[in-house]
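**Student:** Fold the stuff below for me.
(chains A, B, C, D and E, ligands or ions: 4)
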Amino acid sequence: MSFRAVSDPQNLVNSDSGVRITVRKLTKWFNREPLYQDFNLEIEKSKVSCIFGPNGCGKSTLLNAIAGLVPIDSGQILFDGKTLHETRIGYVFQNYRDALYPWLKAIDNIKYPLKVARYSRIQQRLRVEELVGLFDTKIDLNRYPYELSGGQQQLVSIMRALAIQPAVLFLDEPFSALDYEATLSIRDKLQDVFQTSNLTTVMISHDLEEAVYMADNILLMTKRPTQIAEIVKFNSTRPRKATIFADPKFIQIKSHCLEVFQKEVRR
Amino acid sequence: MSFRAVSDPQNLVNSDSGVRITVRKLTKWFNREPLYQDFNLEIEKSKVSCIFGPNGCGKSTLLNAIAGLVPIDSGQILFDGKTLHETRIGYVFQNYRDALYPWLKAIDNIKYPLKVARYSRIQQRLRVEELVGLFDTKIDLNRYPYELSGGQQQLVSIMRALAIQPAVLFLDEPFSALDYEATLSIRDKLQDVFQTSNLTTVMISHDLEEAVYMADNILLMTKRPTQIAEIVKFNSTRPRKATIFADPKFIQIKSHCLEVFQKEVRR
Amino acid sequence: TNQSTSTTSSSTSTSSPSASKKEKVIASWLPIMQTTAYYVALEEGLFEKAGIEIESAKFENPNQIIDSLVSGRADFGPPGAAAGITVLAEAKAPGTFKVFGLQGGGIKSNFINDGLIVKPDSPIQSFKDLKGKKIGTLPGIQWRTITQYILRRNGLDPDRDLTVEQMAVGLHVTSVVSGAVDATLSLEPVGSIALSTGQAKRAMTNPVAMFISDPFYSGAAVLTAKFLKERPAVAKKVIQVIDEATKMANQNFDKYRPILAKYTAIKPDQVNYVTQPRLRSFSDLDRADINSYQALIDVFQKEGILGRSMKAQNLILEKAQLA
Amino acid sequence: MVNPLLLPTPQATLTTLLNSLFSGDLWRDFSLTLYRSLYAFGIATVLGIPIGIVLGANEHLYRSCEFLIDFFRSTPATAVFPLFLVIFGIGDFSKIAVAAFAGWLIIFFNVAYGVMNARKTRIVAAKVMGASSWRIFLDVIFFETLPQTFIGLRTAVSLTLVVIIVAEMFIGSTHGMGQRIIDAQQTFDLTQMYASIIATGVMGYALNQMFLLIENKFIHWKGK
Amino acid sequence: MVNPLLLPTPQATLTTLLNSLFSGDLWRDFSLTLYRSLYAFGIATVLGIPIGIVLGANEHLYRSCEFLIDFFRSTPATAVFPLFLVIFGIGDFSKIAVAAFAGWLIIFFNVAYGVMNARKTRIVAAKVMGASSWRIFLDVIFFETLPQTFIGLRTAVSLTLVVIIVAEMFIGSTHGMGQRIIDAQQTFDLTQMYASIIATGVMGYALNQMFLLIENKFIHWKGK
Ligand SMILES: Nc1ncnc2c1ncn2[C@@H]1O[C@H](COP(=O)(O)OP(=O)(O)OP(=O)(O)O)[C@@H](O)[C@H]1O
Ligand SMILES: Nc1ncnc2c1ncn2[C@@H]1O[C@H](COP(=O)(O)OP(=O)(O)OP(=O)(O)O)[C@@H](O)[C@H]1O
Ligand SMILES: [Mg+2]
Ligand SMILES: [Mg+2]
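**Tutor:** Ligands and ions are numbered 1, 2, ... in the order given. Okay, the predicted model is just below:
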């Protein structure tokens, strides 16, 4: 199923060239201690970058800083010549529960970004149908978010983030509450999306296997004050299948990442 | 390190015989649809039961019903001759964020159940020191919960749940936000606790490997209206080590569980 | 506005060393001109000399005075308690009140009680000129009734020919000056104050006396029958003190002008503008006074706010009762 | 114990209330006061909610108006009536304006505080979806603040009623429940007075219940 | 444009204010009103918060008192003054009691609503830890409601001040800012009147700022 069946009313389509994100000399302090100091990062356009790092190293803060949601002390964040506002962002928050609107039914939560982007009612409906088809979900979308289970809420969040066909997708531990089956299936749906679009994706995960499976680049982070320990590339072709877990290349990269991570954490 | 170094001021110690939980003819409806109907379950005393089931099948609701936190439509929940109130419960909520008290520092959140159980100030301090030692955490516990990262909040929740040496421990996806290293380490700390006490534990997890690794009994659940599909026993001795993942018995049980689960989900 | 600054304030006078022997009497009063005799009694220490310790509560609203008397929280209302409201309350609770003095004004006797206040350049000279205009009066049924009665006497229908706006005393001058109303029927000292600012004048003086009864009394001194019955000797002393003070005030009003600033809203620089009220003590009260009071009662009855006829004579304290 | 004149029995009061209901003039006063209160409340709401949202979202702006807000909230509306008299004249509208002002301050204050105390996550989520400030106000902050807004509305609807009554009582008016209360007070008809007070209280209760109904119907997500 | 007698210039008003400050009698009135307001507010707080928490937590109980609550919130405290006069006598305390009652209703209402709208998760967490209802009130609901309680306290501190002023104005009192305002109004000294109103407003502002300080210091978790 194509991911762009609904034509975009504003022609703000996920730009064909993709978006590269550059973080330059980012500095961010919390409580008189630096979290980031002169932090530089280049996020490759149209690729999937997975961030893997210890708790509290600043992964969520980094995504929030890039999306302009937390003030930074100094530094610059560049979107490939565009401004933040011109860039369509899809974001699944780590606290997905708090980010849904309890006064809207699940379906209207998903439609909300479409409404913001001035899709017509029909386009909104078509797009939601498309998403429901894509994710093959059995959730009753006419329920309010607080009537859904944790995993169902997270799935609604993912659908909402993808609704407007973003140019940049931020996923902060997006599968943490999903069941075994849903996790596998959504990983693969996302891979389809990556393949058919120029989406630049940044995903945070604590599951190294998952991170490598999804990633073109794995960003390994140190403890506070946070730096990039290493960027590991994994350029196996997509769609990747479950069989890749046994692939020696995959295993080698995974164990290399683990090594770097453990060295950093235990330092 | 022993888990009961601090003497209990109320002699309400985690009863030596352990607590068996019996759910009898539980019925719970949501929105004119049954979630549970005449649901029966026996949770073995002093054992670890892991619940594995699809999103929205009612795992969290079951724990809440047992802990008396949601009203049930009919049925009985028995604690081995005791009442709910006489049973010390430790609970890590799926929405751990919302269950911490933002007006208390992390350390006071952990102390709170001790305060409720009328531990003296010194006992409270000693117990927290013990927990910090056990979990070897580097979190600054003098921060408020909203100043902590998701994973750090979850860790604080786990520490709070264990603070009073509960007789029953409910863990609702307790590692979902923890990093690789923390997950491994806390799993093993919990195993120590299981071994040295008569704690009855019920844990929900979407990670089958984790569920089997931790469990004495794996409860496989069906979709709504929810029933137990099967209870699988795994009685490998503790402490279990990471090497067990390669153990043929482990692999066999895991794949059996997966089979049952997938059959149920796809039905 | 100059409030009292001295310590012999209006609340309690406990300065006497022989307080233990003193009879305690509670008074509820309104801070208006008609209460002057009470101020004089306090200033001259007349109560103390009579062996009475006064505890007094100041109210802005005559109803509260009546309420405090009915509930037995106060023993008497010094001169200036509302004459009309006393009648209305007595009608509901017969045998509660006794009147021992009346205060107001009169055309013949040349004391000002009320006036029709207009702008200095206003063409309005009497009520007849108010057709199609707006007149302000005091809030509440008593003054609304009096105003309506006077308007009718002047051939106007208060519901159709003009608008009657009820407004708090403090708004009267403001409304006239701002043009919100064309005239107000106001009690003293509003007229005096208006005159002193040069922003308004009296188009008519004592219109109420003109149309209802001359003299006209809007204030009364009242005490409760309970007080009289339980402590007749003390009640008698109170009446004697007020009588004496009334005499002093009437004889030498100018001397006592400065104390008005202490007890009422009137400012020190205004005390010389305000006009002297007609104060009738218990011993002064004569047939003409009682007839005047009766005339007010009759207006109330005619206008339907008093359900039955009442005799002013029965309300007035009888000399025999004081024996 | 207490003089029944001062504290009439409930039976006497209710009988008077019923009689006044059927004799008819209670309705006129009742509906006039209701009309004035609703008029004032309407103005207060229409001006209070949007301004509250905007100022609450700009904490800086709010702080710079804080003096005026706290100042006027602490000054009796009836004391500043001379000002309203000068601006709006003596008619009904000046009293309505005074009550509207008092109600506006309460609504405004509650809404602004609701916005300032609102959880930031949802606002941030809208921001990242590219919603304009305007949309965020309309779609997120408005709803996020709704429970607090309703507390404000309910406080305000009672307050405007109170101010209207007080204005009718002490500033004076033609007809209305306040007028009725003060008239009853002056004629020392305390049974009628308490009957009128009860009628007023019932009006307030009914208005509050209306809000409660709306609130329970629309704000289903409270405490979630 | 407007007659300066009716709307004195700010300079004239401030000059009068300053003169009154130095001439001394403003202080007496100011402090008396402040004392009465704080007294009333103190009573209102001490009774309002606990009762609000308890009734808010028992929605059933609350609903059964709702009529009385909404009733009294919608009746002017000054109209029921005769009742207070009967109970508390003619002294100052009856006026303080009226203001305390009005403030109590506001605090109570806000606290109870705060409790009813509170997020349930934290309460549930305390329950599972074995906390008694009493502890849950003290340790969880109290804090959970604190932001709303502060809104109530700030509304109430202004309201008690307003009621004290109105009582001083219309019921009458010896000294106090309300007395000062009504005296100035009656003697057509609008400059003095506005000066006194400003002094009152400043008092209200200062009281509010005090709460704001406490609030900002203690309630650090708002919106989190
Ligand atoms: N408001 C705040 N005040 C003070 N410190 C904060 C605040 N928010 C975050 N921090 C600190 O910043 C650090 C980074 O937090 P962040 O949420 O970005 O971590 P994370 O890498 O996403 O961790 P996790 O894997 O647990 O989600 C943490 O150590 C946290 O304590
Ligand atoms: N308040 C509610 N109103 C209506 N339905 C509800 C409510 N709470 C839960 N449900 C429904 O009950 C079902 C079970 O929810 P529950 O949270 O127990 O699921 P779960 O098994 O824990 O799922 P997950 O793995 O996603 O956490 C879900 O389908 C949910 O939609
Ligand atoms: Mg994070
Ligand atoms: Mg769950």
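**Student:** other SSEs contacting the longest helix anywhere in chain D?
**Tutor:** As assigned by DSSP state H, the longest helix anywhere in chain D is helix D:25-57. Counting by 3 or more Cβ pairs under 8 Å, 6 or more residues apart in numbering or on different chains; DSSP states H and E, the packing neighbours recorded for helix D:25-57 are helix D:10-23, helix D:59-73, helix D:92-117, helix D:142-166, helix D:177-186, helix D:190-218. All C-beta spots, glycine's among them, are computed from the backbone N, C-alpha and C.
**Student:** Now do it, average pLDDT.
**Tutor:** The predicted model assigns helix D:25-57 a mean pLDDT of 92.
**Student:** for stretch C:241-259, same thing?
**Tutor:** For stretch C:241-259, the mean per-residue pLDDT is 87.
**Student:** how near is residue D:135 to residue A:112?
**Tutor:** The gap separating residue D:135 from residue A:112 is 10 Å, by Cβ to Cβ, to the nearest Å.
**Student:** Look up the residues that both of those two are in contact with.
**Tutor:** residue D:126 (Cβ atoms under 8 Å, 6 or more residues apart in numbering or on different chains).
**Student:** and the two? which has more neighbours close in?
**Tutor:** residue A:112 (24 against 17; other Cβ atoms under 10 Å in any protein chain shown).
**Student:** so who does the more buried one touch?
**Tutor:** Contact partners of residue A:112, counting by Cβ under 8 Å, 6+ apart, are A:101, A:104, A:160, D:126, D:129, D:139.
**Student:** Pull the most distant pair out of the residues you listed.
**Tutor:** Farthest apart among the contacts of residue A:112 by Cβ to Cβ are A:160 and D:139. That separation is 13.6 Å.
**Student:** Which one of these two is surrounded by more residues?
**Tutor:** Set residue A:160 next to residue D:139 and count neighbours by other Cβ under 10 Å: residue A:160 wins out with 27 against 20.
**Student:** Quick check: closest non-adjacent residue to the more buried one.
**Tutor:** Once flanking residues are discounted, residue A:160 sits nearest to residue A:110: 4.9 Å by Cβ to Cβ, 6 or more residues apart in numbering or on different chains.
**Student:** The one you found looks like it's in a helix, true?
**Tutor:** Yes: applying DSSP: H, G, I helix; E, B strand; the rest coil, one finds residue A:110 inside a helix.
**Student:** leaving aside the residues next to it on the chain, what's closest to whatever residue of the stretch 151-300 of chain C ends up closest to chain E?
**Tutor:** Chain E sits closest to residue C:170 of the stretch 151-300 of chain C, with a gap of 3.0 Å, by Cβ to the nearest Cβ. Counting by Cβ to Cβ, 6+ apart, the nearest residue to residue C:170 once its immediate chain neighbours are dropped is residue E:185, at 3.0 Å.
**Student:** do residue A:245 as well
**Tutor:** residue A:209 (6.7 Å).
**Student:** Check the one you found and give its pLDDT.
**Tutor:** 91.
**Student:** can you count the residues close to it?
**Tutor:** Per other Cβ under 10 Å, the neighbour tally for residue A:209 reads 13.
**Student:** So it: helix, strand or coil?
**Tutor:** Assigned by three-state DSSP, the conformation of residue A:209 is helix.
**Student:** how about the helices in chain C?
**Tutor:** C:36-43, C:46-49, C:62-70, C:83-92, C:141-153, C:172-178, C:190-197, C:207-211, C:225-230, C:232-251, C:253-263, C:287-302, C:312-315.
**Student:** show me where pLDDT drops low in the chain?
**Tutor:** I went with chain A, as the question did not name one. By pLDDT under 70, the low-scoring segments of chain A are A:1-16.
**Student:** ah, no, chain D please
**Tutor:** Applying pLDDT under 70 to chain D flags the ranges D:1-6, D:172.
**Student:** The residue of chain D found nearest ligand 2 sits in which helix or strand?
**Tutor:** For chain D, the residue closest to ligand 2 is residue D:224, as judged by Cβ to the nearest ligand atom, at 8.1 Å. Assigned by DSSP states H and E, residue D:224 belongs to no helix or strand.
**Student:** Residue A:100 versus that one, what's the distance?
**Tutor:** Taking Cβ to Cβ, one finds residue D:224 at 10 Å from residue A:100.
**Student:** out of those two, which sits in the more crowded spot?
**Tutor:** Set residue D:224 next to residue A:100 and count neighbours by other Cβ under 10 Å: residue A:100 wins out with 25 against 14.
**Student:** show me the contacts for that one.
**Tutor:** Listed by Cβ under 8 Å, 6+ apart, the contact partners of residue A:100 are A:106, A:109, A:145, A:153, A:156, A:157, A:160, D:122, D:125.
**Student:** what about the last one, how many neighbours?
**Tutor:** Going back to what we said before, that points to residue D:125. Neighbours of residue D:125 (other Cβ under 10 Å): 27.
**Student:** Excluding chain neighbours, what is closest to it?
**Tutor:** With sequence-adjacent residues excluded and distances taken as Cβ to Cβ, 6+ apart, residue D:125 is closest to residue A:99, at 4.2 Å.
**Student:** if I pick the one you found, what's in contact with it?
**Tutor:** Going by Cβ under 8 Å, 6+ apart, residue A:99 touches A:93, A:157, D:121, D:122, D:124, D:125.
**Student:** What does the fifth one show for phi and psi?
**Tutor:** Residue D:124 adopts backbone torsions of phi -60, psi -40, taken as degrees, to the nearest 10.
**Student:** I figured it hits residue A:71, correct?
**Tutor:** No: using Cβ atoms under 8 Å, residue D:124 is not in contact with residue A:71; the gap is 12.0 Å.
**Student:** OK, contacts around the residue lying closest to residue A:178 once chain neighbours are set aside?
**Tutor:** Leaving aside its sequence neighbours, residue A:178 sits nearest to residue A:151 (Cβ to Cβ, 6+ apart; 5.1 Å). Counting by Cβ under 8 Å, 6+ apart, residue A:151 touches A:177, A:178, A:179, A:182, B:55, B:56, B:206.
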